[in-house]
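Novice: Quick one: sequence plus predicted model below, questions after.
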Amino acid sequence: MLGIQLDVLGKLLNSYVSHAAQKALNQGKFKKMERIFWIGPLIFGLTTALPTALCVLFGDRLVRLILDFVPKWFTDGLSIAGSMLPVVGIALLLQFMPVKKYLTMLIIGFVISAYLKLPILGIALLGFAFAYYYFTQNMKKTPAVAGVGDTGDAGEGDDFDE
């Protein structure tokens with residue numbers, strides 16, 4: 001239980017670490033950014049090492065004492081924050097995906113998940129099957145690769161021009 005609470009706390013702290021690293025990057029302070037990035041693994045290491053060391057060295061009594069000492073509102077807040085982290089991750093992922101181009105697939109995946117109660121692995125396998133089918137069908141339609149020196153619009157139509 002202590003490890004779970006510390007894991008959520010570590011993930012919350014690492015969001016501040018990544019923002020600090022982004023700020024250093026924007027200022028062009030690359031050495032500072034590199035030093036900041038070492039804090040993230042340190043935090044995650046401590047979220048696992050600390051409860052493990054406490055259990056091994058002092059037994060479960062100390063862990064129960066710590067959990068009893070932590071106020072309920074704090075552990076409830078960490079539980080709520082932990083349940084929000086997957087949503088934030090998906091929102092960040094959607095910022096970098098070409099959502100306009102694949103909106104129909106996104107809606108299909110949501111409907112399958114929400115209404116048909118299909119597990120995520122099943123949805124991922126269906127998505128892979130659709131992607132493979134789409135890829136193989138488009139490979140049949142595309143003409144042969146143009147020769148060297150072709151001045152055509154090679155960059156047009158890819159996922160990065162949206």
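Specialist: The structure has been received and is ready for your questions. Numbering: from 1, shown residues only.
Novice: Let me see the ranges of the strands in this structure.
Specialist: When secondary structure is read from DSSP state E, the chain shows no strands.
Novice: Distance check, residue 124 against residue 53.
Specialist: In this structure, residue 124 and residue 53 are 36 Å apart, going by CB to CB, to the nearest Å. For the C-beta atoms, the positions are set from N, CA and C on the backbone; glycine is no exception.
Novice: Tell me the confidence at residue 39?
Specialist: Turning to residue 39, the model gives it a pLDDT of 90.
Novice: mind listing what the residue nearest to it when sequence neighbours are not counted touches?
Specialist: For residue 39, ignoring the flanking residues on the chain, the nearest one in space by CB to CB, 6 or more residues apart in numbering is residue 17 at 5.0 Å. With contact taken as CB atoms under 8 Å, 6 or more residues apart in numbering, residue 17 is in contact with 36, 37, 39, 40, 43.
Novice: neighbours of the second one, just the number please.
Specialist: If I follow you right, that is residue 37. Residues near residue 37, counting by other CB atoms under 10 Å, number 14.
Novice: try the last one
Specialist: Per other CB under 10 Å, the neighbour tally for residue 43 reads 18.
Novice: just the contacts of residue 17 now: which is nearest residue 4?
Specialist: Within the set of these, residue 43 lies nearest residue 4; the separation is 15.1 Å, counting by CB to CB.
Novice: I'd like the contacts of residue 17 laid out as CSV, including distance to residue 88.
Specialist: Supplementary listing: those in CSV, determined by distance: CB to CB, whole Å:
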residue, distance to residue 88
36, 20
37, 20
39, 20
40, 16
43, 17
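Novice: Tell me the one among these nearest to residue 131.
Specialist: Using CB to CB, the shortest approach to residue 131 within the contacts of residue 17 belongs to residue 40, at 31.3 Å.
Novice: For that closest one, which residues are in contact?
Specialist: Applying CB under 8 Å, 6+ apart, we find residue 40 in contact with 14, 17, 18.
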